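>>> Got a predicted structure here, sequence first:
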Amino acid sequence: MDINEIRDQITIRDDEGTMKDYSVEALFDMADDSYALLSSDEEVILMRIEDHDDGQTLVGITNQEEKASILSAYALAVEASRDPNIISD
């Protein structure tokens, strides 16, 4: 992917009501949950995607151990997709 390629954009309202724009870096499933990795000029955030009858919402992950575990597993999956010999039977 070209670094200058335009990514999907999303606008999120934070807890203080401020609207912030993010690029969608990745969407992925892990266990029974779906996640979105989002970035802006100032930060990279990980959010859980929750399905509802009227659509989907993004929920912040506040547990740092959970966040670290998800990001580690994601990084391993990305690396394994580049080099299938990383994960062996």
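Received it, and whenever you're ready, just let me know what you need.
>>> Worst mean pLDDT across the helices and strands of this structure, which element?
helix 64-82 (a mean of 88; mean pLDDT, DSSP states H and E).
>>> Give the buried residues for that helix.
Neighbour-count burial for helix 64-82 flags 70, 74 (criterion: 16 or more other Cβ atoms under 10 Å). No exception for glycine: its C-beta is placed from N, CA and C like everyone else's.
>>> now for that helix, which elements pack on it?
Contact here means 3 or more Cβ pairs under 8 Å, 6 or more residues apart in numbering; DSSP states H and E; on that basis helix 64-82 packs against strand 19-30, strand 33-39, strand 44-52.
>>> and that helix, C-alpha only, in CSV?
Taking C-alpha atoms only, helix 64-82 is exported to CSV below (Å, rounded to 0.1, in the frame of the first residue of the first chain):
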residue,chain,number,x,y,z
GLN,A,64,-4.4,-1.8,29.6
GLU,A,65,-3.7,-5.6,30.0
GLU,A,66,-6.6,-6.4,27.6
LYS,A,67,-5.4,-3.8,25.1
ALA,A,68,-1.8,-5.0,25.2
SER,A,69,-2.9,-8.6,24.7
ILE,A,70,-5.1,-7.7,21.7
LEU,A,71,-2.4,-5.6,20.1
SER,A,72,0.3,-8.3,20.7
ALA,A,73,-1.9,-11.0,19.1
TYR,A,74,-2.7,-8.6,16.2
ALA,A,75,1.0,-7.9,15.6
LEU,A,76,1.8,-11.6,15.6
ALA,A,77,-1.0,-12.2,13.1
VAL,A,78,0.3,-9.5,10.8
GLU,A,79,3.8,-10.8,11.0
ALA,A,80,2.6,-14.4,10.4
SER,A,81,0.8,-13.2,7.3
ARG,A,82,4.1,-11.8,6.0
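>>> you'd agree Leu37 is up against Ile49?
No. Assessed by Cβ atoms under 8 Å, Leu37 is found out of contact with Ile49, at 11.0 Å.
>>> now Val78: how far from Glu25?
Distance of Val78 to Glu25, given as Cβ to Cβ, to the nearest Å: 11 Å.
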